[in-house]
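Colleague: pasted the sequence and its predicted model underneath.
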Protein chains: 2
Amino acid sequence: MAIRKSKTPQSPTQRADQKRVDILKSAGKCFRKNGFHQTSMQEICTEVGLGPGAVYRYFTSKDAIIAAMAEDERRQARTMLSEFHDTDDLPQALSAITRAFADRYAAISDAGLMTEIYAEGLRNKRVGAVIKKAETEWVDGLADMLRTAQERGQIDAALNAQQAALLLTAMWDGIVIRQAYTQEVPEAMMNLFDDMLKRWLSTAAVSTKRVKPAPAPKPVIAAPEFDFAPEPEPAAEKTPTQAETDLRQMSLI
Amino acid sequence: MAIRKSKTPQSPTQRADQKRVDILKSAGKCFRKNGFHQTSMQEICTEVGLGPGAVYRYFTSKDAIIAAMAEDERRQARTMLSEFHDTDDLPQALSAITRAFADRYAAISDAGLMTEIYAEGLRNKRVGAVIKKAETEWVDGLADMLRTAQERGQIDAALNAQQAALLLTAMWDGIVIRQAYTQEVPEAMMNLFDDMLKRWLSTAAVSTKRVKPAPAPKPVIAAPEFDFAPEPEPAAEKTPTQAETDLRQMSLI
């Protein structure tokens, strides 16, 4: 009876929290092995050693499990971010964050799991919504950190903090995918990334003092090469140079 | 009879090539709609309007189709790269390549398809092998382009061209994932990327003249935050700071 009580989600005791974590761990194990779609709820139940009733009390579907994973992932990343919020050396903090991500995803299958979660979020509205929300919070937090560093004169004040936070996040995502294929990011690449950050964010402007780069010509030659694209879908939806695009729109992954 | 002849893969006539392209297009349409695993070969046959025999003459399995997509994708990207090989303004060329990628993946489902191909390549050895091979060629080509620019004094000669090519590729991959969620990359982010490239690759060194950045401390605080990771798998496989990691190992996605 006591055990039964601890399962009640209405009173989220530590034991209930632990059970939730156990389910997510077991599900992750199954997903990494066979992928989301080739894993059944039954297999997850078997892996965690609980009956369907117990598992469904926490997660009503596989989608709910995937969404919870995406959410937990970003929440933990944000916790990490907050640890660095008051740094007096932003490039150093960003470098540490990059390394923390690399360590976090060092197990090849974890980086793979994240890549699959991204892919799933594009088709699965529920997962996609969770990712978008979590991502907005993450990017906002990072942008805030950049702004603080700007106010303290640590990095270039002319930088658009929100866009820089988005670009940084995109870079980290790219490194995670790459890592998914290699199990680890070599130290040389990490150092290069640090170096890039220093140069990019530096208050000491380069010779070309933040002049807006000459608008790169539309790659008239290159674009047509991409003919693999199976019918570019409703081309009407594509508005290539909409400079006003709402920043919020980008706060997604 | 004439039609039959054109289907013979042994004599890759234009018509045979066209049929191959048609199958890939139809498969892409199905994949983007329902994902790889929820699409059957039968659905692809129906979509392209060919019988299983005709389709299997070109592709013996769904895996073969996905592998062909990954291969075509990178081949086309390399063709684009070659167009820019003799550029006398590398940052401008890189900017144009970034925009070409953005245009290429402007249809949300195409960026999603690529994200799913990445995820698939991690579990599926055949797809993974194709991606790795294609990627090695791509990164080598890009590194070569960077070296040429270095020789011509266009960009910082001290830069490790091979690692920079890897990092650039990771950045582009990250932007593609991001785009998968947004349908397009806003002009402001493109400009920021251009600006970052100029500063990073510039021959005019910043105040901190390429000094190796102080080795960022292992994020002792941050790393443990990531406890979502379902059992870090065989921890033995994780060798965090193996500085000697072969560069080739990274030429993967």
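Modeller: Now that the structure is in, tell me what you want to look at.

Colleague: next SSE downstream of the helix or strand where residue A:172 lies?
Modeller: Using DSSP states H and E, the element containing residue A:172 is helix A:161-182. Remark: after helix A:161-182, the chain's next helix or strand is helix A:187-201, criterion DSSP H and E.

Colleague: output that next one as CSV, nothing but the C-alphas.
Modeller: Extracted in CSV, the C-alpha atoms of helix A:187-201 (Å, rounded to 0.1, in the frame of the first residue of the first chain):
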residue,chain,number,x,y,z
GLU,A,187,40.2,19.6,-28.3
ALA,A,188,41.6,21.4,-31.4
MET,A,189,38.1,22.2,-32.5
MET,A,190,37.1,23.5,-29.1
ASN,A,191,40.1,25.8,-29.0
LEU,A,192,39.2,27.0,-32.5
PHE,A,193,35.7,27.7,-31.3
ASP,A,194,37.0,29.7,-28.3
ASP,A,195,39.2,31.7,-30.6
MET,A,196,36.4,32.4,-32.9
LEU,A,197,34.2,33.6,-30.0
LYS,A,198,37.0,35.9,-28.8
ARG,A,199,37.4,37.5,-32.2
TRP,A,200,33.7,37.7,-32.9
LEU,A,201,32.6,39.2,-29.6
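
Colleague: re earlier: the helix holding residue A:172 near chain B anywhere?
Modeller: Yes - legend: contact between helix A:161-182 and chain B by CB under 8 Å from any CB of the partner chain is shown at A:163-164, A:166-167, A:169-175, A:177-178, A:180-182. All C-beta atoms are positioned from the backbone trio N, CA, C, and that covers glycine.

Colleague: which elements pack onto that helix?
Modeller: Contact here means 3 or more CB pairs under 8 Å, 6 or more residues apart in numbering or on different chains; DSSP states H and E; on that basis helix A:161-182 packs against helix A:90-104, helix A:108-123, helix A:125-151, helix A:187-201, helix B:108-123, helix B:125-151, helix B:161-182, helix B:187-201.

Colleague: next, the angle helix B:108-123 makes with that helix.
Modeller: 40 degrees (axes from the mean of the first three to the mean of the last three CA atoms, to 10 degrees).

Colleague: looking at the residues of helix A:161-182 next to chain B, which is nearest chain B?
Modeller: Set against chain B, the nearest of the residues of helix A:161-182 next to chain B by CB to the nearest CB is residue A:174 (2.8 Å).

Colleague: could I get the average pLDDT for stretch A:68-84?
Modeller: Stretch A:68-84 shows an average pLDDT of 84 in the prediction.

Colleague: is that stretch up against chain B anywhere?
Modeller: Yes - judged by CB under 8 Å from any CB, stretch A:68-84 comes into contact with chain B through A:69, A:72, A:73, A:76, A:77, A:79, A:80, A:83, A:84.

Colleague: again, but for stretch A:136-143
Modeller: No - shown here: stretch A:136-143 not in contact with chain B (CB under 8 Å from any CB), separated by at least 10.2 Å.

Colleague: low pLDDT regions in the stretch 151-253 of chain A?
Modeller: Scanning the stretch 151-253 of chain A for pLDDT under 70 picks out A:183-184, A:204-253.

Colleague: in contact with the nearest residue to residue A:43 once chain neighbours are set aside, which residues?
Modeller: Excluding its sequence neighbours, the residue lying closest to residue A:43 (CB to CB, 6 or more residues apart in numbering or on different chains) is residue A:30, at 5.3 Å. Applying CB atoms under 8 Å, 6 or more residues apart in numbering or on different chains to residue A:30 gives the contacts A:39, A:43, A:44, A:47.

Colleague: report the angle between the helix or strand hosting residue A:30 and helix A:108-123.
Modeller: Using DSSP H and E, residue A:30 sits in helix A:14-34. Angle of helix A:14-34 versus helix A:108-123, following the same axes, to 10 degrees, is 90 degrees.

Colleague: how far does helix A:14-34 sit from the chain's center?
Modeller: 20 Å (CA atoms, centre = their mean, to the nearest Å).

Colleague: how about that helix: buried residues?
Modeller: A:16, A:19-20, A:22-32 (16 or more other CB atoms under 10 Å in any protein chain shown).

Colleague: check which element follows that helix along the chain.
Modeller: helix A:41-48.

Colleague: just list what the next helix-or-strand element following that next one packs against, helices and strands only.
Modeller: Following helix A:41-48 in sequence order, the next helix or strand is helix A:52-58 (DSSP H and E). When contacts are defined as 3+ CB pairs under 8 Å, 6+ apart, helix A:52-58 sits against helix A:14-34, helix A:41-48.

Colleague: which elements pack onto the shortest one?
Modeller: Going back to what we said before, that points to helix A:41-48. Contacts defined by 3+ CB pairs under 8 Å, 6+ apart place helix A:41-48 against helix A:14-34, helix A:52-58, helix A:62-83.

Colleague: just to revisit the earlier point, mean pLDDT for the helices and strands packed on helix A:52-58: which is lowest?
Modeller: helix A:14-34 (a mean of 89).

Colleague: so that helix versus helix A:62-83, what angle?
Modeller: Put simply, helix A:14-34 runs at 110 degrees to helix A:62-83, going by the same axes, to 10 degrees.

Colleague: ok so, going back, dump the contacts of residue A:30 to JSON lines, plus neighbour count.
Modeller: JSON lines is the format used below for those (neighbours: other CB atoms under 10 Å in any protein chain shown):
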{"residue": "A:39", "neighbour count": "19"}
{"residue": "A:43", "neighbour count": "17"}
{"residue": "A:44", "neighbour count": "23"}
{"residue": "A:47", "neighbour count": "18"}
